[in-house]
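A.B. asks: Predicted model follows, preceded by the sequence.
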Amino acid sequence: MRTTRQRWRASLQRVQRLLRTPYWFPQVPLALLLGLGALALLRLDLGADWQHYLGRLAAGQFALKPGVLPPLLIGLGLLTMAIGLLLRSRLAWTMALLLATTALANLLLGAHHAHVLFAYFLLLLAALLAAWRQFDRSSVAASTLFALTSVAMLLIYATFGSYYLGAEFRPAITDLTTALYYAMVTMSTVGYGDIVPVTPEAKLFAVSVIVLGVAVFATSLTAVIAPMVSRSLQRIVNRKGSDMKREDHFVVIGNSSLAINTWRELARRGQPVTRLLRETPAEGELAGVDVVVGDPSNLDVLRQAGAHKAEAVLAMMADDSENAFVVLAVKELAGSARTVAAVNDASHLGRVRLVQPDVVIAPQVLGGELMAMLLSGEEVTGDFVLQRVFQQVPGKG
């Protein structure tokens with residue numbers, strides 16, 4: 001049974017190595033699935049010539065049926081966020097979740113009984129949730145672009161929705177200026193009460209605008225402001241430890257026990273070490289230590305840590321996938337640094353090897369096998385321990 005499992009795992013690893021999955025999975029499949037779902041939703045609600053409605057909106061012809069606008073905006077939003085998923089944008093992932101949920105509600109409450117498409121979006125929602133760790137990019141430029149897109153689409157939805165349902169409010173909304181005013185007041189949850197929805201449809205519409213407004217504004221502000229604050233803190237922290245010449249040194253990435261012990265032992269031996277952390281350490285915690293704070297897979301952050309001029313870069317975070325992405329990023333810098341990747345889960349060993357680090361270190365993976373050998377009376381040699389702990393990648397020196 002164990003032999004069969006090992007063969008199956010080895011075959012899977014060969015396929016992953018052949019397909020080079022770390023470079024495109026899961027962002028490319030999810031982006032394609034999101035785009036296909038958007039097109040299916042547009043064709044379901046608007047027909048095969050849904051582009052006709054988009055052209056009318058672009059030309060300023062707003063005399064569309066009330067039922068046309070929600071699926072049109074949801075579909076276009078999904079297509080836009082599919083592009084963001086290709087860039088592994090955290091904001092695009094968040095907005096894709098929100099829009100996929102809105103699409104499910106639209107299918108559930110709509111006149112069409114599209115059970116297959118409803119199940120499709122359910123599975124897509126589950127796939128997005130399962131892959132949340134892979135969407136961790138939060139650059140200010142990308143976040144600002146998708147934030148502005150999200151806010152603009154929500155504003156269009158709220159304004160024209162209010163205009164189309166104008167007769168169902170008291171007093172009635174008869175012009176776009178009043179509709180824009182009501183949309184802004186409702187989205188911001190101010191609610192002056194001078195315009196009130198009186199029919200069930202108008203009340204449900206107002207609820208949707210409030211919920212979407214809070215979600216979109218909160219997510220957009222967080223996505224745009226968080227990287228700016230992080231960079232400011234990063235500059236403050238990095239200024240404290242920037243005296244060391246970052247060349248021919250060791251870059252230890254992560255705050256795991258393995259990373260901390262490796263840094264201490266290298267420093268004890270007089271080796272120049274730069275620590276690269278994702279979050280800012282507490283005041284005085286790493287006084288006198290050369291520290292860089294930022295996304296370890298970001299090329300600019302790695303350059304700031306001198307990874308392209310380092311003797312070796314040691315990716316020793318608790319998340320094996322993050323360690324693999326760091327190795328890929330270091331290789332993209334095209335420097336001479338050796339790469340060391342830590343593996344915390346035995347099932348991830350083959351995947352980490354696919355990115356071809358110079359050395360794979362797996363001390364935690366050794367524990368179970370070593371205990372079984374000791375209890376079984378098998379001989380444990382130094383060569384065996386070194387082979388298991390430092391799992392050299394084939395073809396590496």
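C.D. replies: Yep, it's here. Residues are numbered from 1 along each chain as shown.
A.B. asks: From now on I want contacts and neighbour counts done on CA atoms only, so please keep to that.
C.D. replies: Will do.
A.B. asks: What ranges does the stretch 251-397 of the chain have for its helices?
C.D. replies: 257-268, 299-304, 320-333, 349-354, 363-375, 382-389 (DSSP state H, counting those that start in this stretch).
A.B. asks: Quick test: name the residue nearest the centre of the protein.
C.D. replies: Nearest residue to the geometric centre of the chain (C-alpha atoms, centre = their mean): residue 135, 1.3 Å.
A.B. asks: if I pick that one, what's in contact with it?
C.D. replies: By C-alpha atoms under 8 Å, 6 or more residues apart in numbering, the residues touching residue 135 are 27, 85, 88, 89, 90, 93.
A.B. asks: With adjacent residues omitted, what lies nearest to it?
C.D. replies: residue 88 (4.5 Å; C-alpha to C-alpha, 6 or more residues apart in numbering).
A.B. asks: Need phi/psi at that neighbour.
C.D. replies: phi 60, psi 40 (degrees, to the nearest 10).
A.B. asks: Give me the distance between it and residue 372.
C.D. replies: Plainly put, residue 88 is 41 Å away from residue 372 if you go by C-alpha to C-alpha, to the nearest Å.
A.B. asks: re earlier: what about the residue nearest to residue 135, how many neighbours?
C.D. replies: Around residue 88 there are 23 other residues, counting by other C-alpha atoms under 10 Å.
A.B. asks: So it is in contact with residue 27, correct?
C.D. replies: Yes. Residue 88 lies in contact with residue 27 (C-alpha atoms under 8 Å); the separation is 6.5 Å.
A.B. asks: shared neighbours of the two, which are they?
C.D. replies: With C-alpha under 8 Å, 6+ apart, residue 88 and residue 27 have common neighbours 134, 135.
A.B. asks: In three-state terms, how would residue 192 be classified?
C.D. replies: Following DSSP: H, G, I helix; E, B strand; the rest coil, residue 192 is assigned to coil.
A.B. asks: repeat for residue 123
C.D. replies: Residue 123 - assigned by three-state DSSP - is helix.
A.B. asks: What pLDDT is listed against it?
C.D. replies: pLDDT for residue 123: 95.
A.B. asks: for residue 314, same thing?
C.D. replies: 95.
A.B. asks: Is it bridged to anything, and to what?
C.D. replies: Judged by DSSP bridges, the bridge partners of residue 314 are residue 252, residue 340.
A.B. asks: In this structure it contacts residue 341, no?
C.D. replies: Yes. With contacts counted by C-alpha under 8 Å, residue 314 reaches residue 341, the gap being 6.1 Å.
A.B. asks: Give me the pLDDT for residue 112.
C.D. replies: The model's pLDDT for residue 112 equals 71.
A.B. asks: Show the contacting residues for it.
C.D. replies: Counting by C-alpha under 8 Å, 6+ apart, residue 112 has contacts 44, 45.
A.B. asks: For residue 95, see how far away it is.
C.D. replies: 24 Å.
A.B. asks: So for residue 40, which of the helices of the stretch 251-397 of the chain sits nearest?
C.D. replies: With C-alpha to C-alpha as the measure, helix 320-333 is the member of those nearest residue 40 (32.8 Å).
A.B. asks: who touches the closest one?
C.D. replies: By C-alpha under 8 Å, 6+ apart, helix 320-333 touches 22, 296-299, 302-303, 307-308, 313, 315-317, 337, 339-345, 348, 352, 355-357.
A.B. asks: Pull out the buried positions in that helix.
C.D. replies: 320-331, 333 (16 or more other C-alpha atoms under 10 Å).
A.B. asks: so for that helix, what's the average pLDDT?
C.D. replies: 90.
A.B. asks: Check stretch 362-379 too.
C.D. replies: On average, stretch 362-379 scores 70.
A.B. asks: Then stretch 76-91?
C.D. replies: Rounded mean pLDDT across stretch 76-91 is 84.
A.B. asks: and what of stretch 27-39?
C.D. replies: 93.
A.B. asks: so how far is it off the chain centroid?
C.D. replies: Remark: stretch 27-39 is offset 15 Å from the chain centroid, using C-alpha atoms, centre = their mean, to the nearest Å.
A.B. asks: just stretch 341-358 next, same as before
C.D. replies: Worked out by C-alpha atoms, centre = their mean, stretch 341-358 lies 21 Å from the chain centre.
A.B. asks: Output that stretch as PDB, nothing but the C-alphas.
C.D. replies: The C-alpha trace of stretch 341-358 is given here as PDB (Å, rounded to 0.1, in the frame of the first residue of the first chain):
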ATOM      1  CA  ALA A 341      14.200  26.300   1.300                       C
ATOM      2  CA  ALA A 342      12.700  24.800   4.500                       C
ATOM      3  CA  VAL A 343       9.900  22.200   4.300                       C
ATOM      4  CA  ASN A 344       7.600  21.800   7.300                       C
ATOM      5  CA  ASP A 345       5.200  19.300   5.800                       C
ATOM      6  CA  ALA A 346       6.300  16.000   4.200                       C
ATOM      7  CA  SER A 347       3.500  16.200   1.600                       C
ATOM      8  CA  HIS A 348       5.000  19.500   0.300                       C
ATOM      9  CA  LEU A 349       8.500  18.200  -0.300                       C
ATOM     10  CA  GLY A 350       8.000  17.300  -3.900                       C
ATOM     11  CA  ARG A 351       6.300  20.700  -4.700                       C
ATOM     12  CA  VAL A 352       9.200  22.700  -3.100                       C
ATOM     13  CA  ARG A 353      11.700  20.700  -5.100                       C
ATOM     14  CA  LEU A 354       9.900  21.700  -8.300                       C
ATOM     15  CA  VAL A 355      11.300  25.300  -7.900                       C
ATOM     16  CA  GLN A 356      14.800  23.800  -7.700                       C
ATOM     17  CA  PRO A 357      16.400  25.400  -4.600                       C
ATOM     18  CA  ASP A 358      20.000  24.500  -4.100                       C
END
